[in-house]
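Asker: Sequence and predicted structure, then a few things I'm wondering about:
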Amino acid sequence: MSEKKKTTTKKPATKKPAAKKTTTTAKKPAAKTTTAKKTTATKAKTTKPTTAKKPKKAKFVKAQIIGYRRNNRLQTTNQAIAKLIEEYNHKALVGKRFILNFSESDAVASGLVTAVHGQPKNKQVRLRFEKAGMTSHAINQIIEIQL
């Protein structure tokens with residue numbers, strides 16, 4: 001018989017949602033006033049971004065080649081170190097391609113940014129040239145790193 005009592009207690013559970021409905025109806029007027037305030041605030045926010053256009057991202061970041069990657073005895077001629085001229089996150093450039101246009105001739109050198117070099121405040125990256133090594137004429141030249 002105790003089982004029958006439990007089933008009878010479950011039947012009044014249908015009355016509980018009705019009680020919830022009455023509580024939600026009491027809360028609706030308060031919600032309407034808050035939504036009215038929010039809509040006025042969102043209207044003011046939507047007018048500002050529509051007038052201001054977002055600046056487009058640059059397609060290139062400029063950097064200056066400082067020199068070869070080297071140690072006390074050796075220098076690797078197919079790798080170089082470059083310092084960013086423009087303000088940009090240098091950690092995000094790892095794996096990107098770069099182009100070096102020599103001003104005196106039509107020669108072009110290209111390669112990859114392989115890693116970050118030195119302390120973060122210096123904004124330096126390591127470069128690896130694809131084909132032959134870097135010539136000494138490339139030192140102090142400006143490269144364009146593609147984004």
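Answerer: That came through fine. Numbering: from 1, shown residues only.
Asker: Could you pull out the helices in the protein for me?
Answerer: 2-10, 15-51 (DSSP state H).
Asker: Can you tell me how far the residue lying closest to residue 63 once chain neighbours are set aside is from residue 73?
Answerer: The shortest distance from residue 63 to any non-neighbouring residue, by CB to CB, 6 or more residues apart in numbering, is to residue 82 (4.2 Å). No exception for glycine: its C-beta is placed from N, CA and C like everyone else's. Residue 82 sits 23 Å away from residue 73, going by CB to CB, to the nearest Å.
Asker: Looking at those two, which is more packed in?
Answerer: residue 82 (27 against 5; other CB atoms under 10 Å).
Asker: Provide a list of residues in contact with that one.
Answerer: 63, 64, 65, 66, 98, 124, 125, 126, 127, 143 (CB atoms under 8 Å, 6 or more residues apart in numbering).
Asker: That one pairs with what?
Answerer: Beta-bridge partners for residue 82, by DSSP bridges, are residue 65, residue 125.
Asker: again with residue 146
Answerer: Here residue 146 shows beta-bridge partners residue 60, assigned using DSSP bridges.
Asker: can you pull the contacts of it?
Answerer: Residue 146 makes contact with 59, 60, 96, 97, 98, 99 under the criterion CB under 8 Å, 6+ apart.
Asker: I figured the third one hits residue 114, correct?
Answerer: No: counting by CB atoms under 8 Å, residue 96 sits too far from residue 114 to count as a contact (10.1 Å).
Asker: what bits of this protein have low per-residue confidence?
Answerer: Per-residue confidence for the chain (pLDDT under 70) gives these ranges: 1-58.
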